[in-house]
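S.K.: Just a sequence and a predicted model for now, questions to come.
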Amino acid sequence: MQTAQELFLHELSDMLDAEQKLVEALGKQAEESSRPDLQKAFQQHQQQTEKQVERLQQVFESLEEDPEDAECKGIKGIIEEHDEFVEEEEPSEDLIDIFNAGAACKVESYEIAAYGSLIQLAEQLELKKAVKLLNQNLKEEQQTLQKMSKFVQKLKPEQLEAQAEEEDQGEEQEATAERKSRTRSRRAA
């Protein structure tokens, strides 16, 4: 690899592979979701990602180039992390939802950085159509990150809620026992 154009095509190929992998992964995450709102969010993002794949292919067409045979190791790693978590840890449904929302934020952050680099290279190479198409993808990724971040903030493990209730009950029992002890002490005095 000797030129900025070659680097751009390499990175563009890498991003195409990432988005194609994510189409499948998002379908899997939608199926795993126990919450209808989260399931819908993954389905919508899957449809959006399919459009992003089309835009990346349009960039290649505008350059009259074919994508390289590239593998996005960053996205592959996040997908493998998901698969291992689900298969080996056998988490509860609520924990899968929390994990998947967090994984989506990781993916979006990765994609935002990748698209930022691609856009910078495209601007330097004066590839106006590529800049426009890549900016569309970038804006969608930024919106999705905000949406998934809200899920991360509002999703709570069911076990955490049960644990908090047990702690509250324990504190109430301690307070009641302490009051009884003081009352007995006063009567004895």
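M.R.: Great, that's in hand.
S.K.: And the spatially closest residue to Phe85 that is not a sequence neighbour, how close does it get to Ser92?
M.R.: Closest residue to Phe85 apart from its sequence neighbours, by C-beta to C-beta, 6 or more residues apart in numbering: Phe99 at 5.8 Å. In this view, the C-beta of every residue, glycine as well, is placed from N, C-alpha and C. Distance, Phe99 to Ser92, using C-beta to C-beta, to the nearest Å: 10 Å.
S.K.: and the residue nearest to Phe85, how many neighbours does it have?
M.R.: Using other C-beta atoms under 10 Å, Phe99 is surrounded by 19 other residues.
S.K.: and the helix or strand containing it, which residues are buried?
M.R.: Phe99 is part of helix 93-124 when elements are defined by DSSP states H and E. Neighbour counts using 16 or more other C-beta atoms under 10 Å place 94-101, 103-108, 110-112, 114-115, 118-119, 121-122 of helix 93-124 among the buried residues.
S.K.: Which strands and helices lie in contact with that helix?
M.R.: With contacts defined as 3 or more C-beta pairs under 8 Å, 6 or more residues apart in numbering; DSSP states H and E, helix 93-124 has these neighbours: helix 4-32, helix 36-62, helix 73-89, helix 128-154.
S.K.: Below-threshold pLDDT in this protein: ranges please.
M.R.: Across the chain, the ranges flagged by pLDDT under 70 are 158-189.
S.K.: Could you list the domains of it?
M.R.: Domain ranges of the chain: 4-155, 156-189, per automatic domain parsing.
S.K.: Pick the most buried one from those.
M.R.: Among the domains of the chain, the stretch with the highest mean neighbour count (mean count of other C-beta atoms under 10 Å) is domain 4-155, at a mean of 17.
S.K.: How far does it stretch from one end to the other?
M.R.: 43 Å (C-alpha to C-alpha, to the nearest Å).
S.K.: Then stretch 78-97?
M.R.: Terminal residues of stretch 78-97 lie 15 Å apart, using C-alpha to C-alpha.
S.K.: Give me the residues contacting that stretch.
M.R.: 21, 25, 29, 32-35, 38, 99-100, 103, 106-107, 110, 155-159 (C-beta atoms under 8 Å, 6 or more residues apart in numbering).
S.K.: at 7 Å what do you get?
M.R.: For stretch 78-97, contacts defined as C-beta atoms under 7 Å, 6 or more residues apart in numbering pick out 21, 25, 32-35, 38, 99, 103, 106-107, 155, 157-158.
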